[in-house]
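In: My questions are about this predicted structure, shown below with the sequence.
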Amino acid sequence: MKYSGKKYVKEELLPFFWCSGCGNGIIFAALIRAMEENNLEKKDIVAVTGIGCWGKADDYLKTHAFHGTHGRAIAVATGIKLANPLLHIFALVGDGDGATIGGNHLIHAARRNIDIITIMSNNLNYGMTGGQYSGTTPFDSITSTSRRGHAEDAFDISNLVKSAGAGYVARCTIDNPRMIQRFISKAIKKERGFRFIEVINICPTYFGRYNKFNNAVEMIKDIKERTVNIKDIEREGQEDLDGKIVVGEYIDKKVEGFLERYWGKIRNNA
Amino acid sequence: MICNKKGRHFMQGNIAVGEAAIISGARFFAGYPITPSSEIAEHASLNLPIAGGTFIQMEDEIGSLAAVIGASMAGVKAYTATSGPGLSLMNENIGLACMVEAPCVIVSVQRAGPSTGLATKPAQGDFYQFRYGTHGDHMIIALSPASVQECFDLTIKAFNFSERFRCPVFLALDAIIAKMYETVDIPGSDEIEILNRKIASTSDKDYLPYKPDENGVPLFVPFGSSLITRANSSGHGIDGYPCADDKNHDRLVRRLIDKIDRYKEEIALFKEFNISDVEILIISYGCSTRPALAAMKKARKKGIKAGVLQLQTLWPFPEAIVKSAVSQAKLILVPELSLGQLKSEITKYCPKKTVIGINKLGGTTIQPDDILAFLSKEIEL
Amino acid sequence: MIYQEKDRFEIIIGGVGGQGNVSCGILIGEAASCYEDKFVTMTYSYGTEARGTFARTDVLVGNQFIDFYECQRPDVILILHDKAYPKIKGKIFKDTIVVINQNEVKDVDMDLGKHFSLPLSDIAMKIGSLQVTNTIALAFIVNVTKFIDKTSLVKAVQSEYANGKIARLNEKALEYGFNLH
């Protein structure tokens, strides 16, 4: 299939404002292709964003969009979806936005299986604010606010969302754009429940610089080297996963989703 | 529950709010339980499904207001209910509602603060929080009922104002009026004026989400419409795309204030009692209006020319009403369950008058005699 | 005293949380508001605990809007629990009718107000459930004071407890209450 993206992308606003080497453009392109692959109408799409680099993604879209406060995208998206169940809602959140300040909204939306798709660009730090540490920053990393090393452990965000009850959770990296597209596309087709796609991204400007990567290419290489597919683990058994990035589908189960339960049961029986 | 039944009822203030919300056309509630407002959430949970609406209890008040704003931008009238501690959390997204111009009603039942304070006890200490709680220059509307009947009537008005001006409207309740039960007359739906936001015509190919109409309010388009719309909390141009231009920001923020401010006289709702010959004027709102009225009647029996101005609209502050009411008064008394927030606002508009605050903390009501003591004492002076 | 002609009739119900003070007030409110075109206001004080602490309900019935919502000079005080009596005692005037559930309240001053000690819990148990204690008391108060019509109370009770066992128990409770005096 050939993709043009014209239907969804506000081309006159390109190029992206993201730093060179940042993977947000890759995620954005995969998202657009997944929309196109599923032939979504732009009037049926709402992109909901918060604050952060990835929170600027809606600026390049011609779909409906809600750009709101830091960390609240998933809560706003919840309101939109419950008010108009026919819409495809994409909450586009970063690791600061979605896993840290908005972490509570994330796990509760997963628990409720609110019928939205959340795409988290996880670059392990706050890019827009200047490279401070987030809830996914690995132990011992250097960031603007962990200049002498990081004392905390990171969330394994995909496993967290899976434990919280989401119907679909997948992790991929910007090293494999096709995988990103495949997971988003699958999430669109699933229609129901909370669908979460974590994309491991890089931040060459801050995280990379602080942690002795010379450039984006080195960072992507590092990701590539550390990536393990969940299927390989299942097939070949558990190896030492310390420092590995486990990609693949963490969970893909049939769930009713909040709306089916609320409309189908609570409302109909009221 | 009663839901949408015309006629005479004996009803709780919180329930009257819930009833009026549904009659106003509200079909979405997101909230977090908190004393003394929880009956509103409970009422919504029970009744919204019947009305074809949706109730959700969110994980906190921040998420609650976020969801309300989301639902509103999808075209559904939405509301939430809380109390001071929850309102403190909502402040972040009150600014969001102002900036994206999401019509919504925020009911907040004042209880004794600061912090968790006295959870079940009334107060009127959030007067300024309603107005200035969120950061940045902005304008909101706040209405405050003093009886269960007014809980019903002003909730309808609150939804109407929020739809007309596309802004958050507070229903500034207090734990006395919210929890009290009273005789209420619910009018038939044909007798109630319901306003809805102005929607852009789908044939309007040049539609811009933040292009103001002649009243300064942009036409609304819900998510899902064939016209594409954008809500944007950051500085934005009339197309809804980000814009950090200094002149644009100046224009935007001034418009957000002006669209409400220029109609503040229409928004100013109040009740006057014995104002024509008033010498001692009691100005109050919410629960403190009730002892004020009782004190006024007792004073009149003694020949003291006392009157009451009850402010139903707190914000934008009804300065013209206050200025005119105080003009012939020799003394102004302001009873309130706070250390003088309303008084301080009133004083701005009559700096030369003697304004005495009758202030009470501790979570108990002001007694008519508390006010009467001042009435008699001052007259003797 | 002819209570029907009073411009305002004030009742205080004192007990502890969970005894149904509020639902008792609601019955009065509905009877007077919905079936007699009167204006009723009811406030109640309560603690953060759902059960067991002192709770006071003030019900004011008038022919027009009532300014102040707290009882100033109660016509009736109904005491349902030991904890409530000492806290409300100060509100008893010479002509205040004081109705005491003698099964629950032990230490009372019989000389204060017009005193009625009634074995409300015993009667309720005889009828079949402690839940109807308040209905018996209300029926008694209405019968003694006539501040509202008996039929209004009956209608309010019927509308509140529309059917089933609890409706039948309340019907009996009204009957007992009306005939206690």
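Out: Ah, there it is.
In: Let me know the helix or strand that the residue positioned nearest the centre of chain C is in.
Out: Among the residues of chain C, the one closest to the centroid is C:Leu138, at 4.8 Å (CA atoms, centre = their mean). Taking DSSP states H and E as the definition, C:Leu138 sits inside helix C:133-145.
In: Outside of that helix itself, list whatever touches it.
Out: C:3, C:9, C:11, C:19-21, C:23-24, C:27-28, C:75-76, C:78, C:80, C:97, C:99, C:101, C:116, C:118, C:120-121, C:123-124, C:127, C:147-150, C:153, C:157, C:170, C:173-181 (CB atoms under 8 Å, 6 or more residues apart in numbering or on different chains). For the C-beta atoms, the positions are set from N, CA and C on the backbone; glycine is no exception.
In: Just the pLDDT for the residue nearest to the centre of chain C.
Out: Note on C:Leu138: pLDDT of 97.
In: Can you tell me how far it is from B:Ala175?
Out: C:Leu138 sits at a distance of 26 Å from B:Ala175 (criterion: CB to CB, to the nearest Å).
In: Quick one: neighbours of residue 159, just the number.
Out: I went with chain A, as the question did not name one. Neighbours of A:Asn159 under the rule other CB atoms under 10 Å in any protein chain shown: 15.
In: ah, I was thinking of chain C
Out: C:Ser159 has 13 nearby residues by other CB under 10 Å.
In: List the residues that contact A:Ala77.
Out: Counted by CB under 8 Å, 6+ apart, A:Ala77 has contacts A:Val46, A:Val48, A:Phe66, A:Ile89, A:Ala91, A:Ala109, A:Ile114, A:Ile116, A:Thr118, B:Gly70.
In: okay, the angle between the lengthiest helix in chain C and helix C:133-145?
Out: The longest helix of chain C (DSSP state H) is helix C:21-36. Relative orientation of helix C:21-36 versus helix C:133-145 (axes from the mean of the first three to the mean of the last three CA atoms, to 10 degrees): 50 degrees.
In: by contact count, what packs against helix C:21-36?
Out: Using 3 or more CB pairs under 8 Å, 6 or more residues apart in numbering or on different chains; DSSP states H and E, the elements in contact with helix C:21-36 are strand B:7-12, strand B:181-186, strand C:8-16, strand C:39-45, strand C:54-62, helix C:133-145, helix C:150-160.
In: Could you tell me which residues of the stretch 101-250 of chain B lie near chain C?
Out: For the stretch 101-250 of chain B, the contact set with chain C under CB under 8 Å from any CB of the partner chain comprises B:Ala119, B:Thr120, B:Ser147, B:Ile176, B:Lys179, B:Met180, B:Tyr181, B:Glu182, B:Thr183.
In: Mind putting those residues into CSV with neighbour count and pLDDT?
Out: Shown next, in CSV, are these (neighbours: other CB atoms under 10 Å in any protein chain shown; pLDDT from 0 to 100):
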residue, neighbour count, pLDDT
B:Ala119, 18, 93
B:Thr120, 17, 92
B:Ser147, 27, 98
B:Ile176, 28, 97
B:Lys179, 24, 97
B:Met180, 24, 98
B:Tyr181, 29, 98
B:Glu182, 27, 98
B:Thr183, 26, 98
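In: ok, now which ones touch the closest residue to chain B within the stretch 1-150 of chain A?
Out: Among all residues of the stretch 1-150 of chain A, A:Gly79 sits closest to chain B, at 2.8 Å; criterion: CB to the nearest CB. Contacts for A:Gly79 (CB under 8 Å, 6+ apart) come out as B:Phe28, B:Ala30, B:Ala66, B:Ala67, B:Val68, B:Ile69, B:Gly70, B:Ala71, B:Ser72, B:Ala74, B:Ala78.
In: measure the closest residue to A:Ser4 other than its chain neighbours to B:Leu227 for me?
Out: Distances taken as CB to CB, 6 or more residues apart in numbering or on different chains put A:Glu36 closest to A:Ser4, at 7.5 Å, once the chain neighbours are dropped. A:Glu36 sits 22 Å away from B:Leu227, taking CB to CB as the criterion.
In: cool, and A:Asn268?
Out: A:Asn268 sits at a distance of 32 Å from B:Leu227 (criterion: CB to CB).
In: same check, this time on A:Glu234
Out: Applying CB to CB, the value for A:Glu234 to B:Leu227 is 48 Å.
In: number of nearby residues for the residue in chain A that chain C sits nearest to?
Out: Ranked by CB to the nearest CB, the top residue of chain A for proximity to chain C is A:Ala270, at 19.1 Å. Around A:Ala270 there are 13 other residues, counting by other CB under 10 Å.
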